[in-house]
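Chemist: here's a sequence, model it:
(2 chains)
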Amino acid sequence: RKEVEQDPGPFNVPEGATVAFNCTYSNSASQSFFWYRQDCRKEPKLLMSVYSSGNEDGRFTAQLNRASQYISLLIRDSKLSDSATYLCVVEYGNKLVFGAGTILRVKS
Amino acid sequence: DAGITQSPRHKVTETGTPVTLRCHQTENHRYMYWYRQDPGHGLRLIHYSYGVKDTDKGEVSDGYSVSRSKTEDFLLTLESATSSQTSVYFCAARRGSLDGYTFGSGTRLTVV
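Modeler: Alright, predicted model coming up:
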C-alpha cells in the first residue's frame, strides 16, 4: 500500500463548479498534513495546511479525519486559474511524503 | 519564502559522468531536502538534511550522495550518471519539523 494515495483524475469541471479531492494515508502517527498545488513544469507550492478541526481559506476548505486516515480538499466556485495538479502531503518523521497528485482542469 | 535557488536550472550530461546540483537558501532553515519527480511516480525523496553535516537517506538514494557543509547550501551529487537519473530535481527547505516545505524552481537533468 502506498503511504499517500490520491485519485489521479483528471477532474474536468466547468467554471463555478464545486470539486472535492480525497486522499488517504497509511501512517496513523502522522501529525502534519498539507495540500500543495503544482502548475505544469513548475515547483509545488503550499496551498494550505490541514488541521484536525478543519480549516478554510477563501474558496478552499481542507478536512482531516484521523480515524479514517483521510484528508480532503474542497474548492468552491472553481476558476480557470485553479487548473493545476493538487498534491496531498503527509508528514512522516522529519520528512514529507507526497501523493502522486490529482489533476484538475477547469473549463470555461 | 525561504529564498531557495537551485543551479543549474537545466543540464545535459553524458552517462558515466559525475554531476553536482546545488541548492542555496537564504532563510537559515534547518531542514533541507532533495526530491526527484518523474511521471507516474510523483515526488520521491532522495536525501535530506536536518543540520550541518547531518544527512540521511530517502527512498531513492542509490546512486546519489549529498553534502551540507553550511546551513545555506545542500549539494546533490550523482556519482556516475545513468539514463534512469534523467528527471526533474527539486530542492526544498523548512524551518521546523512540523512546517510545510518551500521548494526551489527545479533542475531539469537529462542524461544521454
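Chemist: and stretch B:28-37, C-alpha only, in CSV?
Modeler: The C-alpha trace of stretch B:28-37 is given here as CSV (Å, rounded to 0.1, in the frame of the first residue of the first chain):
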residue,chain,number,x,y,z
ASN,B,28,18.6,29.8,7.8
HIS,B,29,16.2,26.9,7.6
ARG,B,30,17.4,23.9,9.4
TYR,B,31,15.8,21.1,7.2
MET,B,32,16.7,20.7,3.6
TYR,B,33,15.6,18.0,1.1
TRP,B,34,16.3,16.7,-2.4
TYR,B,35,13.4,15.2,-4.4
ARG,B,36,13.1,13.9,-7.9
GLN,B,37,9.9,14.0,-9.8
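Chemist: longest strand anywhere in the chain?
Modeler: Just so you know, I chose chain A. In chain A, taking DSSP state E as the definition, the longest strand is strand A:84-92.
Chemist: right idea, wrong chain: chain B
Modeler: Counting residues, the longest strand found in chain B (DSSP E) is strand B:42-51.
Chemist: outside of it, which residues touch it?
Modeler: A:44, A:87, A:94-95, A:97-101, B:30-38, B:55-61, B:64-66, B:68, B:71, B:74, B:76, B:89-90 (C-beta atoms under 8 Å, 6 or more residues apart in numbering or on different chains). Every residue, glycine included, has its C-beta placed from N, CA and C.
Chemist: and the next helix or strand past the lowest-mean-pLDDT helix or strand in chain A?
Modeler: The helix or strand of chain A with the poorest confidence is strand A:95-98; it has a mean of 88 (mean pLDDT, DSSP states H and E). Downstream of strand A:95-98, the first helix or strand assigned by DSSP states H and E is strand A:102-107.
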